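[1] need a structure here:
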Amino acid sequence: MLFPEKMLEVHVLTTEDYLKDLSTGLMKFGEFELKNVRLKDAEKLKALEKASDQEKQAERVGNIKLRLDRLASSVGVPENLLKDTLDKRKPMSLDELDSRLRKIENEFYSLSEKIESLEKEELDLRFRKVRYNIRNQIESVTKELKGEKLFIVVVAIPKYEIQAVQKVLSNVPSLVQEVEEIGNVAVFLLVTPENYKQEVLKLSASFVKQIELEEILKEEVNIEEIEAKLIEVESEKKRTKVILDKLREGIIDEILELYEGLWFNSVSLKIKNASLKAKKFFLFSGWIPQRLKKEFEEVVRNATRGVYVIEFKEAEKVLKEDKNAVVPTKLNNPKFLFSFESLVKLYSIPKFFEIDPTIILTVLYVIFYGMMFGDVGQGLVLFLVSLILFLKFKNFRVIAGLGMAVGLSAAFFGVMYGSVFGIEEKIIPHVWISPLHDVIEIMKVSILIGAFVITLGLILNIINTIRAKNFVELVFGHHGLAGLIFYSSLVIYPIYVFLTNSKFDFSIMLWGILIAIVMFVIEAIIEAKHHHQKVSPISVFFNIFEVFISFISNTVSFIRIAGFALNHTALVITFSSIAEVLKGSTIGDILALIVIVFGHLFIIGFEGFIVGIQALRLSYYEFFTKFFKGGGKAFEPIK
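    Got it, this is the predicted structure:
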């Protein structure tokens with residue numbers, strides 16, 4: 001748990017006949033990361049040749065994915081169901097996948113195209129009916145206004161634009177008659193004197209269409225035949241839609257299964273691309289956790305019927321052979337620490353030999369937060385809200401997991417402080433200290449925590465440098481033994497003297513600092529020789545001065561724990577004081593209650609967020625910088 005899992009590089013040589021079974025077995029096994037085969041690992045394969053069909057297969061897989069995505073979008077397959085298929089694999093050949101997809105496409109798209117054709121026919125019939133109605137209304141209007149020189153237009157207006165058009169026509173003498181409604185569009189016949197023509201044409205060209213009277217009046221239309229045909233088309237469209245809806249419901253599971261087959265073929269193709277092929281043999285490589293060595297070999301043996309050659313290499317041996325090799329990092333933490341593991345990954349991925357700080361970060365972050373936000377009531381509210389988020393919303397589980405942990409910590413330290421919703425020692429007595437009344441004590445504790453955390457970081461760095469076999473940094477580094485001696489002399493010794501009331505011996509402090517400085521200088525000389533450079537005294541001086549400043553400032557930085565503990569209490573007192581001023585009348589009591597409720601919500605939300613950031617800053621800047629270099633590559637299994 002304190003270190004990432006040990007990894008093994010694995011090389012497998014077998015025949016192409018077992019590729020499908022091997023792909024299925026590896027996907028079920030899951031804990032296998034593919035890597036490109038190095039030529040030096042392929043000495044057993046003499047006549048290397050590219051698989052001629054791999055590019056065609058990749059193109060085919062891509063084409064099927066585009067078709068499947070289009071079909072899923074057209075059918076309306078829920079996004080969450082599509083995401084669920086990403087972790088599933090169903091062995092299926094590309095031919096079977098293509099055939100089943102083509103069958104569904106033919107059924108679905110033929111019905112969709114039929115509906116589209118019927119809708120076009122319906123629209124055409126409706127417009128013919130509109131022209132017939134326009135003709136009848138033109139005849140009646142022209143009879144009434146005989147002798148007038150008229151301007152006649154058809155106006156097709158989206159229903160939400162009707163008021164805007166009416167406003168434009170308010171000053172124009174006109175006769176407006178509604179002809180027909182087609183969906184969300186209303187069709188009107190507009191008749192106005194010729195001299196108002198330009199006013200009407202100011203309307204959008206998409207709304208107005210000028211008609212030729214002679215063309216409309218001459219047109220012979222059988223309205224009974226149109227209406228009968230319209231009824232027939234609407235009925236057929238409705239029946240086809242019912243069939244399409246039933247088909248849509250029935251093919252969703254089929255589409256999801258095809259996606260599982262697609263992912264299977266994608267991984268199989270990935271294995272082929274990462275492998276080297278010679279005639280009917282192929283070689284592929286990857287990484288597995290060392291603890292799964294036997295299980296992996298059993299999977300290969302079963303999939304290849306014993307026709308295989310396998311080789312395992314420890315990560316250290318791989319790095320000896322190739323210094324540029326990248327060993328993936330697989331963290332090994334209990335599932336309930338996933339929120340804090342996310343915080344570690346947010347900073348960086350540990351290298352495979354580094355200490356995994358997840359469990360240490362969990363303890364420190366929870367303590368930092370609880371001490372800065374110690375309150376029983378507000379801590380429990382934070383815990384309950386986070387619990388609801390955790391149970392109801394999967395996407396918020398990382399944040400909710402953090403919230404539950406720090407909420408319980410805040411409640412625990414609330415008991416230690418005797419604070420319930422900011423009321424100190426009136427509801428429960430303090431068990432440890434009261435930040436409001438024991439300011440100096442909580443400041444002392446904060447500095448002690450800082451000294452402990454920084455010392456812990458230096459010790460962890462010593463362990464990391466031993467594992468990395470970097471003995472120069474181990475002995476002479478700023479965060480190695482030299483740094484530990486320097487910090488112990490500069491900070492730990494004075495704190496020890498202060499706490500124990502011992503006699504301060506300046507020579508102990510001075511000799512410790514001088515020894516550390518000499519070690520820092522030796523490191524600078526070694527580094528300069530390694531890079532074929534001259535030692536710069538000024539550069540050495542400022543590097544040592546920077547170490548001095550950083551150790552002091554990092555330690556003092558932990559006073560923020562005491563500061564935010566006091567700030568938390570002060571904020572509650574502020575809102576309580578405002579509420580007290582408002583009390584005295586019915587309205588005042590209601591306002592006072594609103595202020596108290598808002599105040600606590602503000603403290604839980606805003607201050608809770610700020611405290612979280614401060615706890616993260618102490619973890620990242622003051623602690624991680626002492627030992628955690630990161631820069632590792634996360635283990636990415638094919639599952």
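
[2] neighbours of G631, just the number please.
    G631 has 11 neighbours, counted by other Cβ atoms under 10 Å. For glycine as for every other residue, the C-beta is placed from the backbone atoms N, C-alpha and C.

[3] Please identify the helix or strand for it.
    Here G631 is covered by no helix or strand, with elements defined by DSSP states H and E.

[4] where's it relative to K345, distance?
    Per Cβ to Cβ, to the nearest Å, G631 is found 12 Å from K345.

[5] for V200, same thing?
    V200 sits at a distance of 66 Å from K345 (criterion: Cβ to Cβ).

[6] S110 is in what secondary structure piece?
    If you go by DSSP H and E, S110 is part of helix 94-144.

[7] Can you name the next helix or strand after that helix?
    Note on helix 94-144: by DSSP H and E, the next helix or strand toward the C-terminus is strand 150-158.

[8] picking that back up, which one of V200 and K345 has more residues nearby?
    Per other Cβ under 10 Å, whichever of V200 and K345 has more neighbours is V200, with 21 against 16.

[9] Test my guess that that one contacts V154.
    No - contact status for V200 versus V154: not in contact, 11.3 Å apart, counting by Cβ atoms under 8 Å.

[10] So the closest residue to M1 other than its chain neighbours: helix, strand or coil?
    Among residues not flanking M1 along the chain, I359 sits closest, at 5.6 Å (Cβ to Cβ, 6 or more residues apart in numbering). What DSSP: H, G, I helix; E, B strand; the rest coil gives for I359 is helix.

[11] For I359, report the pLDDT, please.
    Per-residue confidence (pLDDT) for I359: 96.

[12] List the residues that contact it.
    Residues in contact with I359 (Cβ atoms under 8 Å, 6 or more residues apart in numbering) are M1, L2, N333, L337.

[13] what secondary structure does W287 sit in?
    Look at W287: counting by three-state DSSP, its state is strand.

[14] And for it, the neighbour number?
    Here the count is done by other Cβ under 10 Å, and W287 has 26 residues near it.

[15] looking at it, it is touching F32, isn't it?
    Yes - applying Cβ under 8 Å, one finds W287 in contact with F32, separated by 7.4 Å.

[16] hey, what's in contact with both of those two?
    V10.

[17] quick one, strands of the chain?
    Listed from the start of the chain, the chain has strands (DSSP state E) covering 7-15, 33-35, 150-158, 175-182, 185-193, 208-210, 276-278, 281-289, 308-314, 328-329, 419-420, 423-424, 633-634.

[18] can you tell me the average pLDDT over the fifth one?
    To tie it back to what came earlier, the one meant is strand 185-193. What strand 185-193 shows for mean pLDDT is 74.

[19] ok, now the second one?
    If you average the pLDDT over strand 33-35, you get 89.

[20] can you pull the contacts of Y308?
    For Y308, the contacting residues are V12, L13, T14, Y18, V300, R301, by Cβ under 8 Å, 6+ apart.

[21] Apply 7 Å and report the result again.
    Each residue near Y308 by Cβ atoms under 7 Å, 6 or more residues apart in numbering is listed here: V12, L13, T14, V300, R301.

[22] Next one: it from I271, what distance?
    Counting by Cβ to Cβ, the gap from Y308 to I271 is 14 Å.

[23] tally of neighbours for V77?
    A count of nearby residues for V77, using other Cβ under 10 Å, gives 21.

[24] Who are the contact partners of it?
    Taking Cβ under 7 Å, 6+ apart, we find V77 in contact with I252, I255.

[25] any idea how far it lies from Y620?
    42 Å.

[26] List the buried residues for stretch 29-39?
    Across stretch 29-39, burial judged by 16 or more other Cβ atoms under 10 Å covers F29, E31, F32, E33, L34, K35, V37.

[27] how about that stretch as CSV, C-alpha atoms only?
    Extracted in CSV, the C-alpha atoms of stretch 29-39 (Å, rounded to 0.1, in the frame of the first residue of the first chain):
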residue,chain,number,x,y,z
PHE,A,29,-7.8,-11.4,-17.6
GLY,A,30,-7.8,-7.6,-17.8
GLU,A,31,-4.6,-6.7,-15.9
PHE,A,32,-2.4,-6.6,-19.0
GLU,A,33,-1.0,-3.4,-20.6
LEU,A,34,0.2,-3.7,-24.3
LYS,A,35,3.5,-2.2,-25.4
ASN,A,36,5.2,-2.0,-28.7
VAL,A,37,7.6,-4.8,-29.3
ARG,A,38,11.3,-3.7,-29.4
LEU,A,39,13.3,-5.2,-32.2
